[in-house]
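# Sequence first, then the predicted structure, then my questions.
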Amino acid sequence: MWVNCSSTNILFDCGEGAAKQLLRNKLDNNVIDSIVISHFHPDHVSGIFMVLQMFYLQKRKKTLNLYLPEKINEFKNFLDMFYTFTSRFSFKVNFKLTKNVNADHQQIHPIPSDHMQSYAGFVKKHSLPNELLSYSFLISDSGKKILYTSDFLDIKIYDKYLRKLDLIIIDALHTKASDIIKFAEITNARMILNHGLSEELKNSLKTSIKKFEIADEKLEISL
């Protein structure tokens, strides 16, 4: 998801095909200021390798802020393993934690989410170093507010935000269909469903709710 606010271009998450989409929409080279990763599932971060490689080949000059949910040093080592050596880039990459994105972009408020908690037992059992961190984001600019949920399980984490939003981009796959429907009951915001639909939600939408829109990668919304 690309957001332009306060003359700043921010990419939220970077799944497979992100480089192609940036090229298609003329957001490549020096346009994007920051990339903010919500969590470390491949569909939200696997595209970062080709995006960095593309910027390198384009001889990008502008510093890039890359916000990661956890394990910055391990991620840097991962880049080195893929021969993506940031020391060879024509631009600087500032690696920072997602939880601190507000320090640089006051328009963005990270909201800790529960998406990774289903792994807690497995991580503990096997003494893994994963920190189970995942985020949603409230984006505020010029009196307008957007909620990008990324992936989540329980709608309750958004209770205090829903009534004052202009746009919600909702993960429609991982939570209960009944919880997705609750968004329409609570808020008057425009609602975009992304990440695919469960069969349960598809059936619910056929019979009741018409307020939702299905995400389209070509869709551009101005608020």
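Looks like it came in fine.
# I'd like to know which helix or strand in the chain has the lowest mean pLDDT.
Among the helices and strands of the chain, helix 199-207 carries the lowest confidence by mean pLDDT, DSSP states H and E, at a mean of 81.
# How far does that helix sit from its chain's centre?
25 Å (Cα atoms, centre = their mean, to the nearest Å).
# what comes up buried for that helix?
Leu201, Ser204, Leu205 (16 or more other Cβ atoms under 10 Å). Where C-beta positions appear, they are placed from N, C-alpha and C, glycine not excepted.
# Could you look up the next helix or strand downstream of it?
strand 212-214 (DSSP states H and E).
# so what does that following strand touch, helix or strand wise?
strand 190-194 (3 or more Cβ pairs under 8 Å, 6 or more residues apart in numbering; DSSP states H and E).
# what packs against the strand it packs on?
strand 167-171, helix 177-186, strand 212-214.
# What residues sit buried inside the last one?
Just to be clear, that refers to strand 212-214. Quick answer for strand 212-214 (16+ other Cβ under 10 Å): Phe212.
# repeat for stretch 46-64
Buried-residue list, stretch 46-64, by 16+ other Cβ under 10 Å: Gly47, Ile48, Phe49, Met50, Val51, Leu52, Met54, Phe55, Tyr56, Arg60, Leu64.
# Format the helices and strands packed on strand 190-194 as a markdown table; extra columns: mean pLDDT and distance to Met1.
As requested, those are exported to a markdown table (pLDDT from 0 to 100; distance: least, Cβ to Cβ, whole Å):
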| stretch | mean pLDDT | distance to Met1 |
| --- | --- | --- |
| strand 167-171 | 94 | 6 |
| helix 177-186 | 87 | 17 |
| strand 212-214 | 89 | 14 |
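# ends of stretch 111-125, how far apart?
End-to-end span of stretch 111-125 (Cα to Cα, to the nearest Å): 27 Å.
# and the residue lying farthest from the centre of the chain, what does it touch?
For the chain, the largest distance from the centre (Cα atoms, centre = their mean) belongs to Thr207, which lies 30.0 Å off. With contact set as Cβ atoms under 8 Å, 6 or more residues apart in numbering, Thr207 has no partners.
# hang on, Phe12 packs against Met1?
Yes. In this structure, Phe12 is within contact of Met1 by Cβ atoms under 8 Å, at 4.4 Å.
# When the two are compared, which one has more neighbours?
Neighbours per residue, other Cβ atoms under 10 Å: of Phe12 and Met1, the larger number sits with Phe12, 24 against 19.
# Would you check the distance separating stretch 25-44 from the middle of the chain?
For stretch 25-44, the distance to the chain centre is 8 Å (Cα atoms, centre = their mean).
# Can you give me the buried ones in that stretch?
28-29, 32-41, 44.
# Closest to Pro129 out of those residues?
Phe40 (11.9 Å; Cβ to Cβ).
# Spatially nearest residue to Ile139 (excluding sequence neighbours)?
Of all residues not flanking Ile139 in the chain, Ile146 sits nearest, at 4.3 Å (Cβ to Cβ, 6 or more residues apart in numbering).
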